[in-house]
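[1] could you work out the structure for the sequence below:
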Amino acid sequence: MSEGMPRLAVIGIHGYGAAHLRAAQERRDTVELVGVCDTAPDDSGRIDPSVPQFTEVAELLARTRPELVTIATPIHTHLPFAEAALRAGADVLLEKPPVATMAQFDQLLGVTEETGRVLQVGFQSLGSAAFAALDSMIDSGRLGELVGISGVGLWVRTFGYWQRSGWAGCRTIDGVPVMDGVVTNPLAHATSAALRLGRAERAEDLVEVEVDLFRANAIESDDTSVVRVITDAGVKITLGLTLCAEESKEAPYVEVVGTEQTARFFYTQDLVELRPAGELEAEPTERLDYQRVSLLDNLLAHRRDGAELLCPLINTGAFMRVVDAVAATEPLQIAVDELRLLGADAESRLAIPGVADWVRRAAYEHRTFTDLGAPFATSAS
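    As a prediction, the model looks like this:
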């Protein structure tokens, strides 16, 4: 046993869980990896043979007594696994979205208060120093008066993406909420980043929440959607998101729009581009690169020195308001005539012709696809 280092257990070692496992192994001088857990144990040799592997969370917690647990598992398992870890006396780094419903959020928040443990949610982009810089641009008036915040996500996903697991693209499994759609999972960081820039992190920070949900693929959840909210300070935040772009050349971004300048934040790259107001497609006048703090390191610093958490559970309340709106809204199926089949074999996928323009219009005009009269939206049923 390593004296003075927190005992860390990793729940979920495949998929994005591999990143959690790698982070734990890279921090051998900071944490003691005491166990990992997954329904499919690892036999690749990437885990030191001295680290025990488990297939049951309860056994992992009972036998390793971790002080810190990371969780990257299917969405519908987040609540039971996180609650078990908290009640076992561990602090938790839980992948996004934290849970699938607002009721589950309230339950998990209650467990943190009851146990006195802390839970950080894995919205990794919130570790970017760009947020403090953008806060300063807004507060100093460098961008002029704040007009609104817009987000654009134009990604592609093959049929294989929706077949990657039994819960992919599901809204529920056997009555248990899952909510694996574009808003709540693959492009959830866009919503989270936009809410953070709009100073709307807690549930009470939003006064209006509206979603416009569609699906091109044969799934339960949405793959092409608009999120539109208004904060208690009157800030308009709108995101146009799709996994059915015709092409995906540009990283997703959130843009702070002012009367003098706009600041486009590519949150996966920690890059901010400045442009004159009203010239969204012009070449940027300035590009600014920022560093990022790992949310695991931030959680360790919180435990060690009392550093402020970058994404505590309570600060995902506004995001969970959006998730709840998604849960309350059935996505409409886009008509086949409005779709194109692209790619071949393993790269086969559905695309919506012209969706990039509709996504951008929705985001910057703060209107839904339905309000705009997008053909794929008006023909959906």
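
[2] only C-alpha atoms for contact and neighbour calcs from this point on.
    Will do.

[3] next SSE downstream of the worst-scoring helix or strand of the chain on mean pLDDT?
    Every helix and strand of the chain was ranked by mean pLDDT, DSSP states H and E. The lowest is strand 176-177, at a mean of 90. Using DSSP states H and E, the next helix or strand after strand 176-177 towards the C-terminus is helix 188-197.

[4] hmm, who's touching that following helix?
    Helix 188-197 is contacted by residues 96-97, 123-126, 131, 134-135, 149-153, 182-183, 201, 227, 237, 239, 252-254, 256, 267, 316, 318-319 when judged by Cα atoms under 8 Å, 6 or more residues apart in numbering.

[5] stretch 78-89 too?
    Stretch 78-89 is contacted from outside by 57-58, 61-62, 65-67, 69, 71, 91-92, 94, 98-99, 104, 108, 111-112, 115, 117-118, using Cα under 8 Å, 6+ apart.

[6] let's see it as PDB, backbone CA atoms only.
    The C-alpha trace of stretch 78-89 is given here as PDB (Å, rounded to 0.1, in the frame of the first residue of the first chain):
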ATOM      1  CA  HIS A  78     -25.000   5.800 -13.200                       C
ATOM      2  CA  LEU A  79     -27.400   6.300 -10.300                       C
ATOM      3  CA  PRO A  80     -27.000   2.900  -8.600                       C
ATOM      4  CA  PHE A  81     -23.200   2.700  -9.000                       C
ATOM      5  CA  ALA A  82     -22.600   6.300  -7.900                       C
ATOM      6  CA  GLU A  83     -24.900   5.900  -4.900                       C
ATOM      7  CA  ALA A  84     -23.200   2.700  -3.900                       C
ATOM      8  CA  ALA A  85     -19.700   4.300  -4.100                       C
ATOM      9  CA  LEU A  86     -20.800   7.400  -2.100                       C
ATOM     10  CA  ARG A  87     -22.400   5.200   0.600                       C
ATOM     11  CA  ALA A  88     -19.200   3.200   0.700                       C
ATOM     12  CA  GLY A  89     -17.300   6.400   1.700                       C
END
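
[7] buried residues in that stretch, which are they?
    Residues 78, 79, 81, 82, 83, 84, 85, 86, 87, 88, 89 are the ones in stretch 78-89 that count as buried (16 or more other Cα atoms under 10 Å).

[8] and it, average pLDDT?
    Mean per-residue pLDDT for stretch 78-89: 98.

[9] cool, and stretch 160-171?
    Mean per-residue pLDDT for stretch 160-171: 94.

[10] distance from stretch 352-364 to the middle of the chain?
    Centroid separation between stretch 352-364 and its chain, computed with Cα atoms, centre = their mean, to the nearest Å, is 21 Å.

[11] give me the mean pLDDT for it.
    98.

[12] just the CA trace of that stretch, in PDB.
    Coordinates of each C-alpha in stretch 352-364 appear next as PDB, following Å, rounded to 0.1, in the frame of the first residue of the first chain:
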ATOM      1  CA  ILE A 352     -30.100  15.000 -43.800                       C
ATOM      2  CA  PRO A 353     -29.500  17.100 -46.900                       C
ATOM      3  CA  GLY A 354     -28.900  20.800 -46.100                       C
ATOM      4  CA  VAL A 355     -29.000  20.100 -42.300                       C
ATOM      5  CA  ALA A 356     -25.800  22.200 -41.700                       C
ATOM      6  CA  ASP A 357     -27.600  25.400 -42.800                       C
ATOM      7  CA  TRP A 358     -30.700  24.600 -40.600                       C
ATOM      8  CA  VAL A 359     -28.500  23.800 -37.600                       C
ATOM      9  CA  ARG A 360     -26.700  27.200 -37.900                       C
ATOM     10  CA  ARG A 361     -30.000  29.100 -38.500                       C
ATOM     11  CA  ALA A 362     -31.600  27.600 -35.500                       C
ATOM     12  CA  ALA A 363     -28.600  28.300 -33.300                       C
ATOM     13  CA  TYR A 364     -28.100  32.000 -34.300                       C
END
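
[13] can you give the contact residues for it?
    Taking Cα under 8 Å, 6+ apart as the rule, stretch 352-364 contacts 150-154, 216, 226, 238-242, 244-246, 338-340, 367-369, 372, 374, 376.

[14] tell me which of the residues you listed fall in strands.
    Within these, residues falling in strands by DSSP state E are 150, 151, 152, 153, 154, 226, 238, 239, 240, 241, 242, 340.

[15] dig out what the first one forms beta bridges with.
    In this case it means residue 150. residue 238, residue 255 (DSSP bridges).

[16] residue 324 contacts residue 104, correct?
    No - if you go by Cα atoms under 8 Å, residue 324 and residue 104 don't touch, sitting 10.3 Å apart.

[17] which of the contacts of helix 188-197 are buried, as a ChimeraX select command?
    Buried residues within the contacts of helix 188-197, by 16+ other Cα under 10 Å, are selected in ChimeraX with:
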select :96,97,123,124,125,126,131,134,149,150,151,152,153,182,183,201,227,237,239,252,253,254,256,267,316,318,319
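
[18] dump the buried residues of stretch 78-89 to a markdown table, plus secondary structure and distance to residue 272.
    Shown next, in a markdown table, are the buried residues of stretch 78-89 (DSSP: H, G, I helix; E, B strand; the rest coil; distance: Cα to Cα, whole Å):
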| residue | secondary structure | distance to residue 272 |
| --- | --- | --- |
| 78 | helix | 32 |
| 79 | helix | 35 |
| 81 | helix | 36 |
| 82 | helix | 34 |
| 83 | helix | 37 |
| 84 | helix | 39 |
| 85 | helix | 37 |
| 86 | helix | 37 |
| 87 | helix | 41 |
| 88 | coil | 41 |
| 89 | coil | 40 |
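
[19] now those residues in CSV, with distance to residue 11?
    As requested, the buried residues of stretch 78-89 are exported to CSV (distance: Cα to Cα, whole Å):
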residue, distance to residue 11
78, 10
79, 13
81, 8
82, 10
83, 13
84, 11
85, 10
86, 13
87, 15
88, 14
89, 15
